[in-house]
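1. Quick one: sequence and predicted model below, then my questions.
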Amino acid sequence: MLDKIDHIGIAVHSIAERRPLYEEALGMEFKGEDVVEEQGVKVAFFAVGESMIELLEPLDDTGPVAKFLAKNGEGIHHIAFGCGDIQGARAHVAGEEIRLLSDEPRDGAHGKLISFMHPKDTGRVLLELTQRQGHEE
Ligand code: CMX
């Protein structure tokens with residue numbers, strides 16, 4: 001059902017401030033930035049093998065990442081699993097009595113479909129399902 005760890009999301013106050021850590025100190029390839037208005041974030045991706053690190057910077061004080069930063073400070077925000085069939089994966093986890101945070105998959109960065117599970121049902125770890133649509137860089 002899940003084919004890899006697609007990315008690990010890390011909440012940061014400023015992508016510009018943290019980018020040198022991943023790109024220069026750790027030597028990861030920068031794969032681009034995106035704004036996901038629906039999620040209230042600017043994101044930046046860095047490649048690690050077939051997976052990515054996603055830095056998440058809030059666009060304002062109101063979205064989920066802003067709330068996370070206010071409560072916890074910077075740190076790991078979520079783990080995203082790649083899957084070929086997000087609707088099938090959603091049906092499977094829902095059958096395991098894990099609540100999904102949206103009625104349908106939402107649009108994520110780089111044209112992906114995404115769905116989050118409630119951290120209260122997953123041992124206090126925010127887990128995401130993600131499915132690529134068409135081609136992606
Ligand atoms: N990881 C683990 N636990 C988390 C969490 C996170 N990232 N965010 C919130 N929680 C926990 C809270 O600590 C809280 O636990 P306690 O009650 O034990 O303190 C619980 O979840 C509920 O939190 P809340 O403050 O009552 O509710 P929120 O309004 O913060 O909503 C959540 C939490 C997960 C429902 C909300 O953040 C959400 O809908 N997230 C999904 C969307 C998202 O995170 N988008 C940003 C990334 C977008 C992208 O990658 O493109």
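-> Nice, I can see it.
2. How about residues contacting the helix-or-strand element of the chain with minimal mean pLDDT?
-> In the chain, no helix or strand scores lower on mean pLDDT, DSSP states H and E than strand 106-107, which sits at a mean of 92. Contact with strand 106-107 is made by Val36, Glu38, Gln39, Leu113, Ile114, Ser115, as judged by C-beta atoms under 8 Å, 6 or more residues apart in numbering. Every C-beta, even on glycine, is put in place using the N, C-alpha and C of the backbone.
3. Tell me the strands beside that strand, with direction?
-> strand 113-116 (antiparallel) (DSSP bridges).
4. Tell me the residues of the chain that contact the ligand?
-> By C-beta under 6 Å from any ligand atom, the residues of the chain that approach the ligand are 9, 36, 39, 41, 43, 56, 64-65, 67-68, 77-78, 101, 108-109, 116, 119-120, 124-126.
5. So which of these are in strands?
-> Gly9, Val36, Val41, Val43, Leu56, His77, His78, Phe116 (DSSP state E).
6. roughly how far apart are Gly88 and the ligand?
-> Using C-beta to the nearest ligand atom, to the nearest Å, Gly88 is found at 21 Å from the ligand.
7. Need the three-state assignment for that residue.
-> Of the three states, Gly88 takes helix under DSSP: H, G, I helix; E, B strand; the rest coil.
8. Could you give the number of residues near Asp34?
-> For Asp34, the neighbour count with other C-beta atoms under 10 Å is 15.
9. Ile53 sits in which helix or strand?
-> strand 51-58 (DSSP states H and E).
10. ok, now Glu17?
-> Under the criterion of DSSP H and E, Glu17 resides in helix 15-20.
11. which helices and strands sit right next to that helix?
-> Helix 15-20 sits against strand 41-48, strand 51-58, with contacts defined as 3 or more C-beta pairs under 8 Å, 6 or more residues apart in numbering; DSSP states H and E.
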